[in-house]
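Engineer: take a look and give me a structure for this.
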Amino acid sequence: MWEEHKGKLVVSSLLTLLPILVGLLLWNRLPEVLATHWGADGEPDGWSFKAFAVFFSPLAMLAVHYLVLFLIFHDPKNRNQGGKIVNLVFWLVPCTSLLISGMTFALALGWEFRVWRLLPAGLGVMFIAIGNYFPKCRPNYTVGIRVPWTLGSEENWTATHRFGGKVWVIGGAAMVLAALLPETPGMIVTIIAVFTLAIVPIVYSYRYYRGHPGENASDPAKNPASPAAKKLWIGLLVSGAVVLIFVAVMLFTGKIEYRFGGDSFTIEASYYDDLTVKYADIDSIEYRQGNVAGTRTFGVGSFRLLLGTFENQEFGAYTRYTYYKPESCVVLKRKGKALVLSGDSEADTRSLYETLVAKTGK
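Structural biologist: So this is what the prediction gives:
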């Protein structure tokens, strides 16, 4: 199949590496350090030197491109795969490479746009495209919804991919629309859509087996009434539920509590280490309206809490124990380092500030 698609391989490889040429043309305009990774809140939390950002990302994407094609071309069931599916596989990685590097260069040049809007929209378009091609995908071991029930029955494969295609198109459209919502509701819709895309087609495949007990009855592992199939089904459901609950808990729960003693106070935060600060070590206390922007370098970042080590131009590296984008903050300076704190509301933050002033006399 390599010889058959040699022209597409050359063009897709050049497109995947095109960001290197763009990076070289923009070299003198790009900063020495570029943001190359973004957290769930859309804020950059990973940085790379210019040479690494320009060269490594496209080269890594090219390696992924070749790996995917190698797996597909060496799958014996893919020899009769439809041309549209092969085309989708050829252009998916190059488009991803252009999107990632394009976004990296644009932000480095000072373009202003919301990453948390662009990423769900881009993923949504990708899922719509894949969902549109699902019904055309023939049984194989590398592409599609590959569970025992689809791999063991061509009828199940066809029915599941027709249904799954609709689910992926609807889920992708929901993600595109989620990009138009405010940040937190948009991310909630995106997360729900991703889990729906992953789980619902599998549920449909199993239920299809339950409705067609005659298929693969000779294979106990693929028989829907067999103990092996039931254990696999239960395992998938339990695993999916555990992952969904874990993600929801980590993204949307947690609290920060402050306990004041005679010579120090302790910050107790969910999912992160506690911190004790002596009043004598505090040099200054400042109450600020609004949030203190910064990039997380280590710690916890969710739609509920921002905890750990952060960086910004004002403080350099600083420590943070705040709720997500608080209305106000308390900035402590201790031993030359900044510590940013907040309560769950503006009133709680003001109360925290007043208590610290009373305890320290600052």
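Engineer: which regions of the stretch 201-350 of the chain sit below the pLDDT cut-off?
Structural biologist: 213-230, 232-233, 236 (pLDDT under 70).
Engineer: can you show me the strands along it?
Structural biologist: Ranges of strands within the stretch 201-350 of the chain are 256-260, 264-269, 275-278, 282-289, 295-301, 305-312, 316-323, 328-334, 337-341, based on DSSP state E, counting those that start in this stretch.
Engineer: strands paired with the shortest one, and their directions?
Structural biologist: Taking DSSP bridges as the criterion, strand 275-278 pairs within the sheet with strand 264-269 (antiparallel).
Engineer: who touches the strand it pairs with?
Structural biologist: Strand 264-269 is contacted from outside by 254-259, 274-279, 300, 305, 307, 321, 341, 356, 359, using C-beta atoms under 8 Å, 6 or more residues apart in numbering. (Each C-beta comes from the backbone N, C-alpha and C, glycine too.)
Engineer: 10 Å instead?
Structural biologist: The contact list for strand 264-269, computed with C-beta atoms under 10 Å, 6 or more residues apart in numbering, reads 254-260, 273-282, 299-300, 305, 307-308, 319, 321-322, 339, 341, 352, 355-356, 359-360.
Engineer: still on that earlier bit, of the strands of the stretch 201-350 of the chain, which approaches residue 4 most closely?
Structural biologist: With C-beta to C-beta, the closest approach to residue 4 among the strands of the stretch 201-350 of the chain belongs to strand 295-301: 46.4 Å.
Engineer: tilt between that closest one and strand 316-323?
Structural biologist: When axes from the mean of the first three to the mean of the last three C-alpha atoms, to 10 degrees is applied, the directions of strand 295-301 and strand 316-323 differ by 30 degrees.
Engineer: and residue 335, how many neighbours?
Structural biologist: 8 (other C-beta atoms under 10 Å).
Engineer: look up how far residue 334 lies from the residue nearest to it when sequence neighbours are not counted.
Structural biologist: Excluding its sequence neighbours, the residue lying closest to residue 335 (C-beta to C-beta, 6 or more residues apart in numbering) is residue 281, at 5.9 Å. Noted for residue 281: a distance of 5 Å to residue 334, by C-beta to C-beta, to the nearest Å.
Engineer: would you state the helices of the chain in chain order?
Structural biologist: 6-25, 50-51, 57-73, 83-108, 115-133, 148-151, 154-178, 183-211, 227-252, 346-360 (DSSP state H).
Engineer: what's the least confident stretch among those?
Structural biologist: Note on the helices of the chain: lowest mean pLDDT is at helix 227-252, with a mean of 74.
Engineer: and the angle for that one with strand 305-312?
Structural biologist: 60 degrees.
Engineer: so which elements touch helix 227-252?
Structural biologist: Helix 227-252 is packed against helix 148-151, helix 183-211, strand 305-312, with contacts defined by 3 or more C-beta pairs under 10 Å, 6 or more residues apart in numbering; DSSP states H and E.
Engineer: let's have these in JSON lines, adding mean neighbour count and distance to residue 286.
Structural biologist: Putting the helices and strands packed on helix 227-252 into JSON lines (neighbours: other C-beta atoms under 10 Å; distance: least, C-beta to C-beta, whole Å) gives the following:
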{"stretch": "helix 148-151", "mean neighbour count": "24", "distance to residue 286": "60"}
{"stretch": "helix 183-211", "mean neighbour count": "18", "distance to residue 286": "27"}
{"stretch": "strand 305-312", "mean neighbour count": "21", "distance to residue 286": "15"}
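Engineer: any chance of those in a markdown table, with distance to residue 120 too?
Structural biologist: Shown next, in a markdown table, are the helices and strands packed on helix 227-252 (distance: least, C-beta to C-beta, whole Å):
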| stretch | distance to residue 120 |
| --- | --- |
| helix 148-151 | 28 |
| helix 183-211 | 5 |
| strand 305-312 | 21 |
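Engineer: residue 175 is nearest to which of the ones you listed?
Structural biologist: helix 183-211 (5.0 Å).
Engineer: which secondary structure elements does that closest one contact?
Structural biologist: Secondary-structure packing of helix 183-211 (3+ C-beta pairs under 10 Å, 6+ apart): helix 115-133, helix 148-151, helix 154-178, helix 227-252.
Engineer: now do it against helix 154-178, angle only.
Structural biologist: Interaxial angle, helix 183-211 versus helix 154-178 (the same axes, to 10 degrees): 170 degrees.
Engineer: got the phi/psi numbers for residue 153?
Structural biologist: In this entry, residue 153 is assigned phi and psi values of phi -150, psi 120 (degrees, to the nearest 10).
Engineer: how many neighbours does it have?
Structural biologist: By other C-beta under 10 Å, 21 other residues sit near residue 153.
Engineer: drop anything exposed from the contacts of strand 264-269.
Structural biologist: 254, 256, 258, 277, 279, 282, 299-300, 305, 307-308, 319, 321-322, 339, 341, 352, 356, 359-360 (16 or more other C-beta atoms under 10 Å).
Engineer: my guess is residue 271 contacts residue 302. True?
Structural biologist: Yes. Under the criterion of C-beta atoms under 10 Å, residue 271 makes contact with residue 302 at 8.2 Å.
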